[in-house]
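Colleague: Below: sequence and its predicted model.
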Amino acid sequence: MTKTPKSGRCVHCLQNVDNLTRDHVFPSAWYPDTTPENLQRWTIPSCKKCNEEYGKLEEDLLLRLGMCIDPEDAKSSGITDKVLRSIDPDYANDRTEKQTRERKRNKIKKEIVKWEAIPPIGLHPNFGVQNNVYYPEYLSIPISADKLERLCHKIVRGITYFVAQTFIESDFEIQFFTIDDKAAQTILKKYQEHLETYDRPGIKVVRAMTSDNPDAGFYAIEIWGRLKMYAVIKPKKLSC
Ligand SMILES: [Zn+2]
């Protein structure tokens, strides 16, 4: 086990703080239930504020994403069940918790949109209609693009620190993008000689640091084999 330093720099906001915590690069609740107990999970130093803010963001995203994935998929084993239980009042331990779960369930139910046909835009790649699945009706849940982008930034910063013990300094920017698998393959092919893969149950991160520009990097993040996000890190352009 790595001991948490009491003071030091937060990987996310880059501030020096006295109350460093350990933040999970891949949120701890997102690991499938088949993950071995003793497996080393990726953690990084984070200030309490960033850690708590990301905790809320990850809880919201997990609730939404967990309802959009295949409950039978081994790569996300147990995730959908856990998400549905978290808003099921029957699983509450007391009255207050029961009310909280009811409130959460009603809130998300109100956000579900019913479609006559699959909308042509706005679908996250790999979250559209799956082949060979019968859909009695088309339902969707809104997922904040801003929150996905923040999650991507967090994982990029986290992996960079985890593998290289370096911070992405403020004179660099992280550009987030989503593309379909075919377009991603083209980029990955371009970087094929520089690719390094880091994985844990439920997540795979492929990173390419190119020798012609050692400060720039390409990241491909894949969660449960379904949610795919991409990012490029490059020096910020200086404005004159
Ligand atoms: Zn921070």
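Modeller: Noted; the coordinates are in hand.

Colleague: Quick check: which helices or strands does the longest strand along the chain pack against?
Modeller: Secondary structure of the chain per DSSP state E: the longest strand is strand 227-235. Under the contact criterion of 3 or more CB pairs under 8 Å, 6 or more residues apart in numbering; DSSP states H and E, strand 227-235 touches helix 145-164, strand 172-177, helix 181-190, strand 217-223. For every residue, glycine as well, the C-beta is placed using N, CA and C.

Colleague: run the last query once more with 10 Å
Modeller: Counting contacts by 3 or more CB pairs under 10 Å, 6 or more residues apart in numbering; DSSP states H and E, strand 227-235 is packed against helix 145-164, strand 172-177, helix 181-190, strand 203-209, strand 217-223.

Colleague: Tell me which of those lies nearest to Val113.
Modeller: helix 145-164 (15.7 Å; CB to CB).

Colleague: Strand 203-209 and the closest one, what's the angle between them?
Modeller: 70 degrees (axes from the mean of the first three to the mean of the last three CA atoms, to 10 degrees).

Colleague: Could I get the buried residue list for helix 145-164?
Modeller: By 16 or more other CB atoms under 10 Å, the buried positions in helix 145-164 come out as 148-162.

Colleague: all strands for this structure, in order.
Modeller: Using DSSP E, strands in the chain cover 8-9, 16-17, 21-24, 43-46, 113-115, 138-140, 172-177, 195-200, 203-209, 217-223, 227-235.

Colleague: now for the second one, which elements pack on it?
Modeller: Here strand 16-17 is seen to pack against strand 8-9, helix 48-66 when contacts are counted using 3+ CB pairs under 10 Å, 6+ apart.

Colleague: In this structure, where is pLDDT below threshold?
Modeller: Within the chain, the stretches with pLDDT under 70 are 1-5, 211-215, 238-240.

Colleague: Find the nearest non-adjacent residue to the residue positioned nearest the centre of it, please.
Modeller: With distances taken as CA atoms, centre = their mean, Leu151 lies nearest the centre of the chain, 4.8 Å away. Nearest residue to Leu151, sequence neighbours excluded (CB to CB, 6 or more residues apart in numbering): Leu61, at 6.2 Å.

Colleague: surely that neighbour meets Glu149?
Modeller: No: judged on CB atoms under 10 Å, Leu61 makes no contact with Glu149 at a distance of 11.1 Å.

Colleague: quick one, which of the helices and strands packed on strand 16-17 is nearest to the ion?
Modeller: The ion lies closest to helix 48-66 among these, at 3.2 Å (CB to the ion).

Colleague: can you pull the buried residues of stretch 96-107?
Modeller: Buried, per 16+ other CB under 10 Å, within stretch 96-107: 101, 104-105.

Colleague: export that stretch as CSV, just CAs?
Modeller: Extracted in CSV, the C-alpha atoms of stretch 96-107 (Å, rounded to 0.1, in the frame of the first residue of the first chain):
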residue,chain,number,x,y,z
THR,A,96,-34.3,8.7,5.2
GLU,A,97,-32.4,6.5,2.8
LYS,A,98,-35.7,5.2,1.4
GLN,A,99,-36.8,8.7,0.7
THR,A,100,-33.4,9.6,-0.9
ARG,A,101,-33.6,6.6,-3.2
GLU,A,102,-37.2,7.4,-4.1
ARG,A,103,-36.2,10.9,-4.9
LYS,A,104,-33.3,9.8,-7.1
ARG,A,105,-35.5,7.3,-8.9
ASN,A,106,-38.2,9.8,-9.7
LYS,A,107,-35.7,12.3,-10.9
